[in-house]
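Enquirer: Please work out how this folds:
(one chain, ligands or ions: 1)
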Amino acid sequence: MSKLTQLPAWNALWQHFAEAKQLHMRELFETDPQRAERYSLEVGGLFLDYSKNRLTDDTLKGLMQLAREAGLPARIKAMFKGEKINSTENRAVLHVALRNRTNSPILVDGEDVMPKVNSVLARMGKFAHAVRSGDWLGYTHQPITDVVNIGIGGSDLGPLMVCSALKPYGHPRMNMHFVSNVDGAQLKETLKKVHPETTLFVVESKTFTTQETLTNALTAREWFVARARDEKAVAKHFVAVSTNKKAVAEFGIDPANMFEFWDWVGGRYSLWSAIGLPIMLYLGEENFTELLNGAHIMDQHFYNASYEENMPVLLAMIGIWYINYYGGGSHVIAPYDQYLHRLPAFIQQLDMESNGKKVCVDGSTVDFETAPIIWGETGINGQHAFFQLLHQGTHISPIDLICSLENRTSLPGHHEILLANVFAQAEAFMRGKTADEVRAELAAQGLEGAALEALVPHKVFDGNRPTNTLLMDRLDPRNLGSLIALYEHKIFVQGVIWGINSFDQWGVELGKQLAKTIHAELAGKLASAPHDSSTKLLIERYRRANRD
Ligand code: F6P
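Expert: A predicted model of the protein is given here:
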């Protein structure tokens, strides 16, 4: 038995669950008119309504007790103090240092990391200012109009999501492009849109060994040099962001054009570091600082607030309730905002790459569920696609409905319709529609007898389906920073409860390793390697299709 399942709070919650699972949220709302007031809270510009969950005061009490028994207080302190909590890689986990706006010292191996954090931020600011102001000129003395970010995973999704989310704050001259896929199509289509004289390529890779990124960067470099006809021009058009100075130099980018970060920044937690350079180029230093400020507000709240009033802890423990007790294996992210359309993909990596594990820090195998499958889409599109399953299907999947109260477009009427849908969905998921309500509705439409009864079961909604509603005052850099940090900490808390290391990602290695051999076979550099019959068949079909 795992440590977790032996905790008194874990087992007490199972006893509570036996009764709690009978409850319907409708009744909980009817018996407690103050439920929404009591089960909601505000941090900075974020408001969370978690009242539409299958919870009572006893549930919350039990969950917070579980958090304490699982050692959450000590783990939070350890992370903020720079202890090496990423044990399989022997690294500290310090994305909080990147937005430590009070500048209080944070030590790793006895060294305060804040001076280097501040120095890279200052370099990024200077460079971004030069590019944005038009002082930084390309090889034909023209200002930069297009930035092409080349990176994948955490070196793509964070900057892409933030630049998309904050488009109204973007520099009007600057067009942002993101290339991650190695298929060739994404790079080819991007290169069609840009001009070598006015394009800046930002090659982002923590390790600078990622095959997809290096292949794309090399092709981009060749494309550029073929047009500029001058190797020296590369210095004006290629910069790198990495922790690996040596590999950057070997690739042919002058280390003077490199922005550094450190091994204590995880790839999926890196948008606050130099990986945020495209964000700064697009939004400017001030807005990037606001993003950091927003994250810092959430960090402070997470560190200081009591668990009962702690937004990341509440979201995490409510998640544990569904995943481990109800057996809900998926979680939907539904932003009601087109600008946030990449948020589900970003949170998918953040959560599933962090907590998609089944081995605890001590090497034992879990005997409980861990990370849910994170999926989603902008809510309004989801309503016309997969919400049917969420309302009437057999899976219970909690949903985060995320929106901004302020209308950022000047188009009249749209925002009310949008928000009416957010609130209506949350209400529908909670209340559902009973058979009696359906009967009354059908009778009012003139139906009766067998025809009416035949329709009733199809039109019943069980309800009792959980949602969290997250309202932002407005979608601005500060609130977006708080929102991202909220999810980072939620995921950390869940990892602590499960006793897993949320900060390594060994699961991606095997595929990479096998792809190396198969690549050699496809490229004709290796006749054949031992494989199962299916893999052999697939390789053979590729070879046949590509034989000259
Ligand atoms: O393969 C997974 C991964 O290591 C992610 O964790 C990371 O964000 C991505 O690849 C890119 O890695 P890098 O920034 O080192 O190129």
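Enquirer: Next one: the residue of the stretch 401-548 of the chain found nearest the ligand from Gly154, what distance?
Expert: Nearest residue of the stretch 401-548 of the chain to the ligand: Val508, at 3.9 Å (C-beta to the nearest ligand atom). Every C-beta, even on glycine, is put in place using the N, C-alpha and C of the backbone. Plainly put, Val508 is 11 Å away from Gly154 if you go by C-beta to C-beta, to the nearest Å.
Enquirer: for the nearest residue to Asn257 once chain neighbours are set aside, which residues make a bridge with it?
Expert: Distance criterion C-beta to C-beta, 6 or more residues apart in numbering; nearest residue to Asn257, sequence neighbours excluded, is Val239 at 4.5 Å. Beta-bridge pairing of Val239, defined through DSSP bridges, involves Val202.
Enquirer: Between Val508 and Gly154, tell me which one has more neighbours.
Expert: More crowded of Val508 and Gly154, by other C-beta atoms under 10 Å: Gly154, with 25 against 12.
Enquirer: Isn't Asp299 up against His95?
Expert: No: assessed by C-beta atoms under 8 Å, Asp299 is found out of contact with His95, at 9.0 Å.
Enquirer: For the stretch 301-450 of the chain, which segments count as strands?
Expert: Using DSSP state E, counting those that start in this stretch, the strands of the stretch 301-450 of the chain run over 330-335, 373-376, 399-404.
Enquirer: With the stretch 51-200 of the chain instead?
Expert: 107-108, 111-112, 146-150, 175-179, 199-204.
Enquirer: Run a quick neighbour tally on the nearest residue to His414 once chain neighbours are set aside.
Expert: Leaving aside its chain neighbours, His414 sits nearest to Asn407 (7.4 Å; criterion: C-beta to C-beta, 6+ apart). Counted with other C-beta under 10 Å, the neighbours of Asn407 add up to 15.
Enquirer: Now do the phi/psi pair for Asn407.
Expert: phi -80, psi 120 (degrees, to the nearest 10).
Enquirer: which bits of the protein sit near the ligand?
Expert: 152-155, 205-207, 210, 213, 267-268, 353, 505, 508 (C-beta under 6 Å from any ligand atom).
Enquirer: mind putting these in TSV, pLDDT and distance to Glu448 included?
Expert: Below are the residues of the chain next to the ligand laid out as TSV (pLDDT from 0 to 100; distance: C-beta to C-beta, whole Å):
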residue	pLDDT	distance to Glu448
Ile152	98	60
Gly153	98	59
Gly154	98	60
Ser155	98	63
Ser205	98	68
Lys206	97	67
Thr207	96	69
Thr210	97	66
Thr213	98	66
Gly267	98	62
Arg268	98	57
Glu353	98	56
Gln505	98	60
Val508	96	60
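Enquirer: Point out where the stretch 401-548 of the chain drops to low pLDDT.
Expert: Flagging of the stretch 401-548 of the chain using pLDDT under 70 yields the residue ranges 548.
Enquirer: residue ranges for the helices of it, please.
Expert: Secondary structure of the stretch 401-548 of the chain (DSSP state H, counting those that start in this stretch): helices at 414-431, 435-444, 449-459, 477-498, 509-522, 533-545.
Enquirer: most neighbours per residue, which of those?
Expert: Counting by mean count of other C-beta atoms under 10 Å, helix 477-498 has the highest mean neighbour count of these, with a mean of 25.
Enquirer: With mean pLDDT and mean neighbour count as extra columns, can I get the strands of the stretch 51-200 of the chain in a markdown table?
Expert: What follows is the strands of the stretch 51-200 of the chain, written out as a markdown table (pLDDT from 0 to 100; neighbours: other C-beta atoms under 10 Å):
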| stretch | mean pLDDT | mean neighbour count |
| --- | --- | --- |
| strand 107-108 | 97 | 16 |
| strand 111-112 | 98 | 14 |
| strand 146-150 | 98 | 25 |
| strand 175-179 | 98 | 22 |
| strand 199-204 | 98 | 26 |
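Enquirer: Of the ones you listed, which is nearest Thr434?
Expert: Taking C-beta to C-beta, strand 175-179 is the member of these nearest to Thr434, at 47.5 Å.
Enquirer: How about residues contacting that closest one?
Expert: The contact list for strand 175-179, computed with C-beta atoms under 8 Å, 6 or more residues apart in numbering, reads 145-151, 156, 159-160, 163, 170, 186-187, 190, 193-194, 216, 220, 278, 281-282.
Enquirer: Could I have the CA atoms of that strand written out in CSV?
Expert: Output in CSV follows, covering the C-alpha atoms of strand 175-179 (Å, rounded to 0.1, in the frame of the first residue of the first chain):
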residue,chain,number,x,y,z
ASN,A,175,4.0,39.9,-36.8
MET,A,176,4.6,36.8,-34.7
HIS,A,177,5.0,33.4,-36.1
PHE,A,178,5.6,30.1,-34.3
VAL,A,179,7.2,27.0,-35.8
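Enquirer: Any idea how far that strand is from the middle of the chain?
Expert: Remark: strand 175-179 is offset 19 Å from the chain centroid, using C-alpha atoms, centre = their mean, to the nearest Å.
Enquirer: And stretch 15-24, by the same measure?
Expert: Centre to centre, stretch against its chain (C-alpha atoms, centre = their mean), the figure for stretch 15-24 is 32 Å.
Enquirer: ok, now stretch 144-151?
Expert: 22 Å.
Enquirer: contacts for stretch 37-46?
Expert: Against stretch 37-46 from outside (C-beta under 8 Å, 6+ apart): 32, 47-51, 53, 55, 294, 297-298, 301, 309, 311, 314, 470-474, 476, 478-479, 482-483, 486.
Enquirer: Sort out which of those are buried, if you could.
Expert: Among those, those buried by neighbour count (16 or more other C-beta atoms under 10 Å) are 47-51, 53, 55, 294, 297-298, 301, 311, 314, 470-472, 476, 478-479, 482-483, 486.
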